[in-house]
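Asker: take this sequence and fold it.
(one chain, ligands or ions: 2)
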Amino acid sequence: MTGLFDFIALIKRNYTVLHPPVVPKDADALRIGILGAARIAPEALLRPALSHPGIVVAAVAARNPARAREFAQKHGIPQVFNSYQELLDSPDIDAVYNPLPNGLHFEWTMKAIAAGKHVLLEKPSCNTAAETRRVFEYAEEKGVIVLEAFHYRWHPAGLRVREIVQSGELGAVKSLQATLTLPNGWFPKDDVRYDWSMGGGCMMDMGVYPLSFIRWVLNAEPVSVISAESLPAHTSTPSAPLDRATTAVLAFPNDVTASFRVDCQTPLLWDFMPKIEMKIECELGSVFFQNFVQPTPYHFITVKRHGKRATTEKVYSPGPLSQNKHKGEDWWSTYRYQLEAFVDKVRGREPVYWMTGEDSIKQMEAVEMVYRKSGMGARPASTYVH
Ligand SMILES: NC(=O)C1=CN([C@@H]2O[C@H](COP(=O)(O)OP(=O)(O)OC[C@H]3O[C@@H](n4cnc5c(N)ncnc54)[C@H](OP(=O)(O)O)[C@@H]3O)[C@@H](O)[C@H]2O)C=CC1
Ligand SMILES: O=C1OC[C@@H](O)[C@H](O)[C@H]1O
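Answerer: Ligands and ions are numbered 1, 2, ... in the order given. Just a heads-up that it's a prediction; the model follows:
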């Protein structure tokens, strides 16, 4: 019977993620504009904004204005600008969402900051750690908020896993293993993820998830990369090396080792479904987190204490976490939680959780460490001079 109730709840939850309640907007709602008619924008911003009274998606700009108009019409966005810069120059816009290809994150975030806009910046923050550092220094100087969109960090399931591990109830962490794979064909062969000049690569696109989760749950930075191997993508050349998959083993303080495998072209016979798993081995037991990136549609957390039976929990709504100040509903996607925090921060309210600029900088340093070890080298720095 529980199985049936769980299944009905799953259908209801996933339906509501796609068809959220549309709430009236506050008179002083934050007015956000989108740079580019990006594929991720509906899921990461447009739908979440429908149920948030404090934010309005007010405008979009695209390289091709006709494309921007089409996108605006489809998603009910009232204003279209003919270029990204025009959107940034508008005094009617308070904040921007930057979902451009990674290689353009630095340039357009710097330009947005120069225009005095707050920025919700897609992951990975930039192509290099030096760029990320510059972004956050400049944001500080101009008094605007920049947030790297690591959406999973706000979901109560991830917070629960982190709480279990950090509470010490399972003793010290010994090792972590993560897998994030997508089947071959998930992305078209000409996807921007396969373009080196645009900051492509599987480590940049997908590897950042396990790496950031591991750093977050351990609250620590890697000491070294013990091994890293990258498989070249079809677009990879010696002067523009680009991975379609990366496997790495990292050493963290206190003899903790963490390994992950990411692959955006897993052979269909091997894994025909996405695999999104995190296992954390501790002295007294282990935690397994199924779907650590997108827990809203479905996830589970299995805790196994040595000598005891495993227990499984699912945390779709903010529960009695020790730091629980969470608003939220079981249908809130990771992006909806993230948006709540972004608006709170911009409005001077204390968000439930916040990913700091320092964290984003350390994250890019860790990405560079992995790429250096695998021989792929860092992604190309932006040619934009600020
Ligand atoms: N948080 C998450 O869950 C996810 C995050 N992402 C991140 O979002 C970003 C965008 O990903 P995604 O939406 O898949 O990307 P898209 O391929 O949809 O590209 C995004 C936009 O980039 C613009 N663009 C500008 N210059 C170029 C160029 N030279 N080549 C290609 N596109 C260009 C296009 O804008 P225009 O309309 O102006 O032509 C396009 O709409 C990435 O940083 C990615 O890592 C992606 C998926 C999930
Ligand atoms: O951020 C992301 O999350 C999900 C993946 O499918 C995608 O490649 C990536 O950009």
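Asker: now Ala178: which helix or strand?
Answerer: strand 173-183 (DSSP states H and E).
Asker: how about whichever helix or strand comes after that strand, does it get close to ligand 2?
Answerer: Next in sequence after strand 173-183, counting helices and strands by DSSP H and E, comes helix 202. No - applying CB under 6 Å from any ligand atom, one finds helix 202 separated from ligand 2 by no less than 8.5 Å. C-betas here are computed from N, CA, C, even on glycine.
Asker: buried set for the strand holding Ala178?
Answerer: By neighbour count with 16 or more other CB atoms under 10 Å, strand 173-183 contains the buried residues 173, 175-183.
Asker: near ligand 1, which residues of the stretch 151-300 of the chain?
Answerer: The stretch 151-300 of the chain comes close to ligand 1 at residues 151, 192, 198, 205, as judged by CB under 6 Å from any ligand atom.
Asker: most neighbours among the residues you listed, which one?
Answerer: Per-residue neighbour counts (other CB atoms under 10 Å) across these peak at His151, which has 26 neighbours.
Asker: quick check, that residue in contact with Ala341.
Answerer: No - using CB atoms under 8 Å, His151 is not in contact with Ala341, being 9.7 Å away.
Asker: which one is the closest residue to ligand 2 within the stretch 151-300 of the chain nearest to, not counting chain neighbours?
Answerer: Among the residues of the stretch 151-300 of the chain, Asp205 lies nearest to ligand 2; the distance is 4.7 Å by CB to the nearest ligand atom. The shortest distance from Asp205 to any residue other than its chain neighbours is 5.0 Å, reached at Arg193 (CB to CB, 6 or more residues apart in numbering).
Asker: and the one you found, how many residues sit next to it?
Answerer: Neighbour count for Arg193, taken as other CB under 10 Å: 23.
Asker: quick one, what contacts it?
Answerer: By CB atoms under 8 Å, 6 or more residues apart in numbering, the residues touching Arg193 are 187, 200-202, 204-205, 264.
Asker: how about these, which pair is most distant?
Answerer: Pairwise distances across the contacts of Arg193 peak at 12.9 Å for Phe187 and Met204 (criterion: CB to CB).
Asker: the two: who's more crowded?
Answerer: Met204 (25 against 16).
Asker: any chance of the buried residues of strand 173-183 in JSON lines, with distance to ligand 2 and pLDDT too?
Answerer: Converted to JSON lines, the buried residues of strand 173-183 look like this (distance: CB to the nearest ligand atom, whole Å; pLDDT from 0 to 100):
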{"residue": "Val173", "distance to ligand 2": "25", "pLDDT": "98"}
{"residue": "Ser175", "distance to ligand 2": "25", "pLDDT": "98"}
{"residue": "Leu176", "distance to ligand 2": "20", "pLDDT": "98"}
{"residue": "Gln177", "distance to ligand 2": "19", "pLDDT": "98"}
{"residue": "Ala178", "distance to ligand 2": "14", "pLDDT": "98"}
{"residue": "Thr179", "distance to ligand 2": "14", "pLDDT": "97"}
{"residue": "Leu180", "distance to ligand 2": "8", "pLDDT": "97"}
{"residue": "Thr181", "distance to ligand 2": "10", "pLDDT": "96"}
{"residue": "Leu182", "distance to ligand 2": "6", "pLDDT": "95"}
{"residue": "Pro183", "distance to ligand 2": "11", "pLDDT": "93"}
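Asker: as CSV, those with distance to Pro124 would be great.
Answerer: Supplementary listing: those in CSV, determined by distance: CB to CB, whole Å:
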residue, distance to Pro124
Val173, 25
Ser175, 25
Leu176, 20
Gln177, 22
Ala178, 16
Thr179, 19
Leu180, 14
Thr181, 18
Leu182, 17
Pro183, 22
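Asker: in the stretch 151-300 of the chain, which spans are strands?
Answerer: Along the stretch 151-300 of the chain, counting by DSSP state E, counting those that start in this stretch, strands occupy 173-183, 224-232, 243-252, 256-266, 275-282, 285-290, 300-305.
Asker: report pLDDT for the residue in the stretch 101-250 of the chain that ligand 1 sits nearest to.
Answerer: Nearest to ligand 1, among the residues of the stretch 101-250 of the chain, is Glu122, at 3.7 Å (CB to the nearest ligand atom). As predicted, Glu122 sits at a pLDDT of 98.
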